[in-house]
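> Got a sequence here, can you model it:
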Amino acid sequence: MSWRVSAGAEVKRRAALAAFQHVEDGMVLGLGTGSTVAEFIKLLGERVREGWKLYGVPSSYQSYLLAIKHGIAIASLDAYPELDLTVDGADEVEPATLTLVKGGGAALAREKVIGMAARRTIIIADYTKLVSRIGEKAPIPVEVLPFARSFVEKKLGELGGQPQLRLAGKVKDGPVVTDNGNFILDVKFPPIENPKELEFKIKELPGVVEVGIFTGIASEAYIAYPDQVKHLTPVKT
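Numbers count the residues shown, from 1 in each chain. So this is what the prediction gives:
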């Protein structure tokens with residue numbers, strides 16, 4: 001998708017390194033999805049090879065397979081309903097509020113669960129993800145039951161959105177199917193004035209599994225630039 005602009009791997013690794021300072025031996029970690037989180041998982045693997053014992057609850061098969069590759073023990077929310085720390089990425093970040101758009105990797109439902117299950121959730125991203133209002137660059141992903149797609153599309157249109165079914169493209173014919181077996185609608189809205197209100201309005205539609213607006217979940221964020229990393233926390237109002 002054309003809105004997916006991102007910095008290089010070295011910049012992403014800077015953000016991952018900044019978050020890694022909060023990791024301790026023996027932690028149970030929520031593992032988000034995406035290229036920046038992949039750098040974080042690689043760092044965890046380096047510590048595991050040095051003898052650390054770390055447990056990961058992945059938000060997607062992508063993160064699951066990467067965690068296994070790097071020797072991280074896989075855990076579940078059944079065994080650990082409260083996580084020590086979740087580290088995840090974002091498609092858009094409002095610096096003042098740390099309101100996020102997530103779901104570019106189609107893992108938004110599980111990402112929201114592990115974000116809310118953690119005592120602390122850190123977002124790692126590069127500077128291209130910063131926006132003054134969510135919805136400036138990225139559409140809002142909405143995970144829907146396949147049965148309800150047409151109904152939800154109609155209702156999203158009534159809310160002022162322009163929904164489009166996400167297609168797999170060159171990878172496979174037909175729509176993207178999430179790890180939960182659902183479809184993704186990418187919904188373009190004007191820059192969003194009240195994210196929490198829109199999040200709730202979309203979430204209460206029958207057939208919606210989850211919406212990619214994340215409010216009040218991120219404890220802090222590390223935003224990487226080519227020459228520095230900025231640490232952000234939500235401004236209290």
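> wait, isn't residue 45 in contact with residue 70?
Yes. Because the distance of 2.6 Å satisfies CB atoms under 8 Å, residue 45 is recorded as touching residue 70. Where you see a C-beta, it was placed from the backbone N, CA and C, and this is true even at glycine.
> Next one, pLDDT for the residue positioned nearest the centre of the chain please.
Centroid-nearest residue in the chain: residue 102, 4.4 Å away (criterion: CA atoms, centre = their mean). We have a pLDDT of 98 for residue 102.
> next one: residue 5
At residue 5 the predicted local confidence, pLDDT, stands at 54.
> again with residue 2
Looking at residue 2, its pLDDT is 51.
> Likewise for residue 76?
The confidence metric pLDDT takes the value 97 at residue 76.
> Spatially nearest residue to it (excluding sequence neighbours)?
Excluding the flanking residues, the one nearest residue 76 by CB to CB, 6 or more residues apart in numbering is residue 57, at 6.4 Å.
> The one you found belongs to a helix?
No. If the criterion is DSSP: H, G, I helix; E, B strand; the rest coil, then residue 57 is strand and not within a helix.
> Any idea what it is bridged to?
Under the criterion DSSP bridges, residue 57 forms beta bridges with residue 30.
> and it, what does it touch?
By CB atoms under 8 Å, 6 or more residues apart in numbering, the contact set of residue 57 is 28, 29, 30, 31, 74, 75, 76, 77, 80, 83, 114, 117.
> Select only the buried ones of these in PyMOL?
PyMOL command restricting these to the buried ones, with burial defined by 16 or more other CB atoms under 10 Å:
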select buried, resi 28+29+30+31+75+83+114+117
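> now, the most widely separated pair of the contacts of residue 57?
Spatially, the most separated pair among those is 74 and 117, at 15.5 Å (CB to CB).
> Which of the three states applies to residue 157?
helix.
> Which residues outside the longest helix along the chain are in contact with it?
Looking across the chain with DSSP state H, the single longest helix is helix 35-49. Helix 35-49 has contacts (CB under 8 Å, 6+ apart) with 6, 9, 12-13, 15-17, 19-20, 23, 25, 29, 31, 54, 56, 62-63, 66-67, 69-72, 87-89, 124-126.
> now with 7 Å?
Outside of helix 35-49, the residues within contact range by CB atoms under 7 Å, 6 or more residues apart in numbering are 6, 9, 12-13, 15-17, 19-20, 23, 31, 54, 63, 66-67, 70-72, 87-89, 124-126.
> Sketch out the low-pLDDT regions of the protein for me.
1-7, 237 (pLDDT under 70).
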